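K.L.:
give me a model of this one.
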Amino acid sequence: QVQLVESGGGVVQAGGSLRLSCAASGRTFSIVAMGWFRQAPGKEREFVAAWRIGGSTHYDDSVKGRFTISRDDAGSTLQMNDLKLEDTALYYCAAQARIRSYDVTALRSRSQFDYWGQGTQVTVSS
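P.N.:
Model (predicted):
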């Protein structure tokens with residue numbers, strides 16, 4: 001089992017920055033990929049960014065050039081710059097414990113991930 005805890009959310013003005021962290025514990029040696037998803041009120045949970053073992057990363061077009069995902073000793077971080085009103089959402093961290101595809105774009109699918117955190121709220125104000 002892997003446990004994931006997100007932190008770093010908050011309220012920020014449009015154009016500002018936030019850094020989200022995801023701390024993984026438990027059988028962390030089994031993690032082969034991690035991702036970030038977000039869910040705004042009344043909307044489906046959507047893909048934001050992911051990395052897989054080997055160093056590949058993938059971003060949704062809506063955040064490309066503004067967000068950066070990285071892997072660290074604790075788990076994963078998501079650096080978010082130039083935040084926009086539409087980035088407001090509950091952000092979830094996810095981990096994959098078994099490689100299902102070597103195509104990093106496959107990580108866009110929630111079904112690729114085995115473990116999820118509880119989420120951290122990001123609110124962007126005007």
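K.L.:
how about the contacts made by the closest residue to Tyr91 other than its chain neighbours?
P.N.:
The spatially closest residue to Tyr91, leaving aside those adjacent along the chain, is Arg38, at 4.8 Å (C-beta to C-beta, 6 or more residues apart in numbering). Bear in mind the C-beta positions are built from the backbone N, C-alpha and C, glycine included. The contact partners of Arg38, taken as C-beta atoms under 8 Å, 6 or more residues apart in numbering, are Arg45, Glu46, Val48, Asp87, Ala89, Leu90, Tyr91, Tyr92, Val122.
K.L.:
list the contacts for the last one?
P.N.:
Taking C-beta under 8 Å, 6+ apart, we find Val122 in contact with 9-10, 12, 18, 20, 38, 80, 83, 87-91.
K.L.:
over to the fourth one?
P.N.:
With contacts taken as C-beta under 8 Å, 6+ apart, Asp87 has the following neighbours: Arg38, Val63, Met80, Val122, Val124.
K.L.:
in its sheet, what does the helix or strand where the last one lies sit against?
P.N.:
Element membership for Val124, per DSSP states H and E: strand 120-125. Note on strand 120-125: by DSSP bridges, its sheet partners are strand 10-13 (parallel), strand 89-96 (antiparallel).
K.L.:
may I see those strands arranged in a markdown table, with distance to Gly54 and mean pLDDT as well?
P.N.:
Output for these, formatted as a markdown table (distance: least, C-beta to C-beta, whole Å; pLDDT from 0 to 100):
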| stretch | distance to Gly54 | mean pLDDT |
| --- | --- | --- |
| strand 10-13 | 32 | 98 |
| strand 89-96 | 13 | 98 |
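K.L.:
reformat the ones you listed as a markdown table; add mean neighbour count and distance to Gly75.
P.N.:
Compiled in a markdown table, these are given as follows (neighbours: other C-beta atoms under 10 Å; distance: least, C-beta to C-beta, whole Å):
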| stretch | mean neighbour count | distance to Gly75 |
| --- | --- | --- |
| strand 10-13 | 12 | 19 |
| strand 89-96 | 23 | 7 |
